[in-house]
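Undergrad: Below are the sequence and a predicted model for it; my questions follow.
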Amino acid sequence: MTRVLITGASGFIGSFLVEEGLRQPYEIYAGVRSSSSLKYLQDKRIHILPLELSDPEKLKLKWQELKTHMPAFDYVIHNAGVTQVVDPLDFQRVNSQCTQNLVQSLTEANFRPKKFILMSSLAAHGPGNSKTLAPIEPADTPTPITYYGKSKLMAEQYLTSQQQVPYLIFRPTAVYGPRDKDFLSFFKTIKYHLEPYLGSPQQQLSFIYVKDLARLIFHSLESNVSGQYFFASDGNNYTCSQLAAIAKTVLNKRTLPIRFPKPLVKSIAFMAETIARLMQQTSVLNRDKYKELTSINWGCNATQTLDTFNFKPAYNLEKGVREVVEWYQQNKWL
């Protein structure tokens, strides 16, 4: 059976990657931290594999241990990473350096996979043109605006610079779905009849439902495509106001639109980040998040992705929102 290692398997996206792999079926190895919750990894077919991605020597020992009773993984999906940290330097340490540690340790242990998939982010590219609002094209030059985006781009650059392991890089747009907490606060504000805007209601956005993302990744594994990067979206671009309209329809709510002035939001973000850092905690609203929320163009052109892998997303935004809201309600999150 084809063996697939998925790092960051206990998280939101990772747990859906695991489930998709089991449906194929593949033999799934779930790479997790020793402290990770295994709530969504209860299937007995899953091989739980504790990994210390920050320690290349321990990784190499792990691969050498596995070599004694199994061949190398056929595929590695590197999904582990961080989106919130206390110290911005930790973005580079976790998102970039750990990617390098993983690839190098697999190579040095002669445990190389047939293909290495890096789960990057649209943040690695950065927003598109704010004047023309033209969708971001794959050929456009990346200009990340956040520490997170820069760390993801560094991971990409390392992967493209090495020649030992064939690779694919995916840059998902905003990923949403069951188990996700990032979009939960938005749906809660709609539930309580508020429709907040931190930037323009016409901000261009792109999305991909987590189940579609997982299908796309597994769709790409055994393709003959490698050495490229691809945007991952449902193929459509939306505005903030369209997202709100869909949420209001699904939740059957009327709302009061509230537009917050950018200077006010920027000040709040700075204060929230400063206080959180003093308390050695992370803040949902910080200066990087402010940059993301107020950049007007996060629309992208994913036609190349859909055509290359002959992939058709099963969810547009309305269908995805309906399913995720139902999940939130059933699980008492909303």
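TA: Cool, got the structure. Because the structure is predicted, anything quoted here is derived from the model rather than measured. Residues are numbered from 1 along each chain as shown.
Undergrad: can you list the weak-confidence ranges in the stretch 101-250 of the chain?
TA: Low-confidence regions of the stretch 101-250 of the chain, defined here as pLDDT under 70, do not occur.
Undergrad: show me where it has helices.
TA: Using DSSP state H, counting those that start in this stretch, the helices of the stretch 101-250 of the chain run over 147-161, 184-191, 210-221, 240-251.
Undergrad: now these as JSON lines including distance to residue 50?
TA: (Each C-beta comes from the backbone N, C-alpha and C, glycine too.) Listed next are the helices of the stretch 101-250 of the chain as JSON lines, based on distance: least, CB to CB, whole Å:
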{"stretch": "helix 147-161", "distance to residue 50": "22"}
{"stretch": "helix 184-191", "distance to residue 50": "29"}
{"stretch": "helix 210-221", "distance to residue 50": "23"}
{"stretch": "helix 240-251", "distance to residue 50": "38"}
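Undergrad: Farthest from the middle of the protein: give me that residue.
TA: Using CA atoms, centre = their mean, the residue of the chain lying farthest from its centre is residue 68. It sits 33.3 Å away.
Undergrad: sorry, back to before: please convert the helices of the stretch 101-250 of the chain to JSON lines, extending it with mean neighbour count and distance to residue 46.
TA: JSON lines is the format used below for those (neighbours: other CB atoms under 10 Å; distance: least, CB to CB, whole Å):
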{"stretch": "helix 147-161", "mean neighbour count": "21", "distance to residue 46": "25"}
{"stretch": "helix 184-191", "mean neighbour count": "16", "distance to residue 46": "26"}
{"stretch": "helix 210-221", "mean neighbour count": "22", "distance to residue 46": "15"}
{"stretch": "helix 240-251", "mean neighbour count": "18", "distance to residue 46": "32"}
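Undergrad: Which one, of these, ends up nearest to residue 174?
TA: Comparing the helices of the stretch 101-250 of the chain by their distance to residue 174 (CB to CB), the top pick is helix 240-251, with 9.5 Å.
Undergrad: Show me where this protein has its strands.
TA: 3-7, 27-32, 47-50, 75-78, 115-119, 167-172, 174-176, 194-197, 204-205, 207-209, 228-232, 238-239, 256-259 (DSSP state E).
Undergrad: Using TSV, lay out the ones you listed together with distance to residue 140 and mean neighbour count.
TA: Rendered in TSV, the data for the strands of the chain read as follows (distance: least, CB to CB, whole Å; neighbours: other CB atoms under 10 Å):
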stretch	distance to residue 140	mean neighbour count
strand 3-7	28	26
strand 27-32	32	24
strand 47-50	37	14
strand 75-78	24	26
strand 115-119	19	24
strand 167-172	12	23
strand 174-176	18	22
strand 194-197	26	17
strand 204-205	14	21
strand 207-209	19	26
strand 228-232	10	22
strand 238-239	20	19
strand 256-259	29	11
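Undergrad: quick one: which of those is nearest residue 287?
TA: Per CB to CB, nearest to residue 287 of these: strand 194-197, 18.6 Å.
Undergrad: by contact count, what packs against that closest one?
TA: If you count contacts as 3 or more CB pairs under 8 Å, 6 or more residues apart in numbering; DSSP states H and E, strand 194-197 packs onto helix 240-251, strand 256-259.
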